[in-house]
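*Asks:* Let's see this in three dimensions:
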Amino acid sequence: MTRLPAARFRDIWELAWPQTLMMVFNFLIGFVDVWAAGRIDSNVQASLGMITQLSFFFLVVAMAVANGSVAAISQSLGAGLVSRVRRYTVLVLGLGLVCGAAILLGGLAVAGPLLSLLQVPDELRDLTAYFLRVNLYILPCYYLLVITNAVFRAQKRVFVPMAAMVLATAVNTFGDLGFGLGWFGLPSYGYKGLAWSTFASVAAGMLFNLAALRPARLVRQAGPLPWRWIRRALPYLWKVAWPGGLMQIIWQSAYMVLFAITASLPSGSVPALAGMTAGLRVESALFLPGMAFNLTAGILVGQSLGAGRLDLAKGYGYRILGLGVAIMTLLALIVWWAVDPVTAFIAPDQAVRAEARSYLAYNLLAIPFTLTSMIMAGALNGAGATLYNLLAFGLSSWLIRLPLAWLLGHEVLGSAEGVWLAMLVSQVVQSSLALYMFHRWDWGRFALVKRRNNGENGRAAV
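*Replies:* This is a model prediction of the structure:
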């Protein structure tokens, strides 16, 4: 058996820790928004929560284009094709601007029916409509922020998106506290201050990234893109983007159905729903490093594959998996040791606290499996094999998790514990599928650079 090439832990760590900080600051933006909204009014907090969930669907296209960007740019850089890196940078920025503007206009046109579809209560309708409008105005900036972050990550320039998120968090926090709550002697605009603080923070991060593009001259040196090249490049972006975008929709809609299953339990549905919400907050914070490992896998696998080194790409995938599981398991043990004070802080009600503790028991046990899914998904994203992720996540959520949650929660156990157990089982299945696909399937065929049989650098496909 041949020894794996030098997939160094140092390379992994140098990319992972700045991206972990980036995810922490991204998390803090939403946390401060919710905290400040709760100090204005419960209606503001409720409206903000609904719009936050809805905003995800507005950003699906941005995340899909970002996945395509990481695959195309990291592989091009690994192949040493700098001119192609520049061209793809210009292409994805243009796509982001066009798509963000299109969804902005479309969203404004259907804003009223959309609020009706969400069953927004009458007392929240005006407030929610205002948040919706401002969130739609943000979209072109948000699309450029998400995509420029992906462009820099694909080049291993991870400190740029990290700095952009630090700036965005600082602007958002100052705006929320100053113009939302009236701190620092500033005028208090309440919920309007929160909405426009988010707008300002996204715009600040976007402008920072665009300014950081100038020294690299990625846009200016690309020149006008030949239409012949665009016609060849767009199909690859589409091949990577559409499965990734559809996977996000399927995954998030599955969570919405899971909430509905929990809300309709034969007994204890209200504390179960609240406990699940509280548990998800802890889990989302815990998995910030996990998401950083996901992004790191995409970068290193993409660049290795672009260099024609499928063996090196696999080596990085396995080593990121080993390092990530070790770190996240240690964090899970720390959270479990402190689970009582943590759940008491986020869920003062005794019944809700018990359900949150039960939720965390199952989902902390699932961490090695959940993280395996995340890291393998990141590696397959970097290879452009997002279709495999769609299969693994779609099948495990809709064919395993949801039917089993209904069966165990409603028919067998008759409690939320059945739902939590179904989540654990589905994570085992999902991680097994993702790991099997990475280990056995030919995901290298999705690469821009076609491999030769001898493993040397191949011919550029685009």
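
*Asks:* who's in contact with residue 358?
*Replies:* Contacts for residue 358 (Cβ atoms under 8 Å, 6 or more residues apart in numbering) come out as 275, 416-417, 420. For every residue, glycine as well, the C-beta is placed using N, CA and C.

*Asks:* now residue 357
*Replies:* Per Cβ under 8 Å, 6+ apart, neighbours of residue 357: 275, 339-340, 343.

*Asks:* Inside helices: which ones of these?
*Replies:* 275, 339-340, 343 (DSSP state H).

*Asks:* which of those tops the neighbour count?
*Replies:* residue 275 (28 neighbours; other Cβ atoms under 10 Å).

*Asks:* Pretty sure that one sits against residue 360.
*Replies:* No: using Cβ atoms under 8 Å, residue 275 makes no contact with residue 360, being 9.1 Å away.

*Asks:* how about residue 405, what does it touch?
*Replies:* Here residue 405 is in contact with 258, 261-262, 418-419, 422-423 (Cβ under 8 Å, 6+ apart).

*Asks:* farthest-separated two in those?
*Replies:* The span of these, defined through Cβ to Cβ, is set by 258 and 418 at 11.8 Å.

*Asks:* burial measure for residue 142, as a count.
*Replies:* 25.

*Asks:* Okay, and it sits in which element?
*Replies:* Assessed by DSSP states H and E, residue 142 sits inside helix 122-154.

*Asks:* other SSEs contacting that helix?
*Replies:* Counting contacts by 3 or more Cβ pairs under 8 Å, 6 or more residues apart in numbering; DSSP states H and E, helix 122-154 packs against helix 42-58, helix 60-78, helix 82-109, helix 111-117, helix 159-175, helix 191-216, helix 288-306.

*Asks:* Tell me the spacing between the residue lying closest to residue 123 once chain neighbours are set aside and residue 114.
*Replies:* Nearest residue to residue 123 in three dimensions, chain neighbours excluded: residue 43, at 6.7 Å (Cβ to Cβ, 6 or more residues apart in numbering). For residue 43, the distance to residue 114 (Cβ to Cβ, to the nearest Å) stands at 19 Å.

*Asks:* can you map out the helices along the stretch 251-400 of the chain?
*Replies:* All helices of the stretch 251-400 of the chain, identified by DSSP state H, counting those that start in this stretch, fall at 269-286, 288-306, 310-337, 339-346, 350-365, 367-383, 386-395.

*Asks:* now those as TSV including distance to residue 198 and mean pLDDT?
*Replies:* Shown next, in TSV, are these (distance: least, Cβ to Cβ, whole Å; pLDDT from 0 to 100):
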stretch	distance to residue 198	mean pLDDT
helix 269-286	18	81
helix 288-306	20	93
helix 310-337	29	92
helix 339-346	23	80
helix 350-365	28	88
helix 367-383	27	95
helix 386-395	29	95
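
*Asks:* Now the host helix or strand of residue 26: average pLDDT?
*Replies:* Per DSSP H and E: residue 26 is located in helix 9-40. Averaged across helix 9-40, pLDDT comes to 88.

*Asks:* That helix: how far from the chain's middle?
*Replies:* Remark: helix 9-40 is offset 12 Å from the chain centroid, using Cα atoms, centre = their mean, to the nearest Å.

*Asks:* same check, this time on stretch 277-294
*Replies:* How far stretch 277-294 lies from its chain's middle: 11 Å, per Cα atoms, centre = their mean.

*Asks:* What of stretch 378-391?
*Replies:* 14 Å.

*Asks:* Look at that stretch and report the distance between its end residues.
*Replies:* End-to-end distance of stretch 378-391: 14 Å, with Cα to Cα, to the nearest Å as the criterion.

*Asks:* okay, now the domains of this structure?
*Replies:* 1-225, 243-462 (automatic domain parsing).

*Asks:* Throw those domains into TSV and include distance to residue 231, thanks.
*Replies:* Listed next are the domains of the chain as TSV, based on distance: least, Cβ to Cβ, whole Å:
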stretch	distance to residue 231
domain 1-225	10
domain 243-462	10
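
*Asks:* Please identify which of these is closest to residue 237.
*Replies:* Closest among the domains of the chain, once you apply Cβ to Cβ, is domain 1-225, at 4.0 Å.

*Asks:* Which members of the contacts of residue 358 are the farthest-apart pair?
*Replies:* Farthest apart among these - using Cβ to Cβ - are 275 and 417, which lie 10.8 Å from each other.

*Asks:* which ones are touching the residue lying closest to residue 271 once chain neighbours are set aside?
*Replies:* For residue 271, ignoring the flanking residues on the chain, the nearest one in space by Cβ to Cβ, 6+ apart is residue 351 at 3.9 Å. By Cβ under 8 Å, 6+ apart, the residues touching residue 351 are 268, 271, 275.

*Asks:* Quick check: residue 120 is in a helix.
*Replies:* No: secondary structure of residue 120 (DSSP: H, G, I helix; E, B strand; the rest coil): coil, not part of a helix.

*Asks:* So it sits against residue 51, correct?
*Replies:* No: with contact defined as Cβ under 8 Å, residue 120 does not reach residue 51; the gap is 9.8 Å.

*Asks:* what sits in contact with each of those two?
*Replies:* By Cβ under 8 Å, 6+ apart, the residues touching both residue 120 and residue 51 are residue 128.

*Asks:* Give the closest residue to residue 250 in space, chain neighbours not counted.
*Replies:* residue 394 (4.9 Å).

*Asks:* Next one: that neighbour relative to residue 424, how far apart?
*Replies:* Counting by Cβ to Cβ, the gap from residue 394 to residue 424 is 19 Å.

*Asks:* same thing with residue 398?
*Replies:* Between residue 398 and residue 424 the computed distance is 17 Å (Cβ to Cβ).

*Asks:* So, low pLDDT: which residues of the stretch 151-300 of the chain?
*Replies:* Counting by pLDDT under 70, the low-confidence segments of the stretch 151-300 of the chain come to 215-223.

*Asks:* Please repeat the previous calculation with a cut-off of 80.
*Replies:* Applying pLDDT under 80 to the stretch 151-300 of the chain flags residues 214-224, 269-270, 273-274, 277-278, 281.

*Asks:* Need the phi and psi values for residue 349.
*Replies:* Dihedral pair for residue 349: phi -70, psi 140, per degrees, to the nearest 10.
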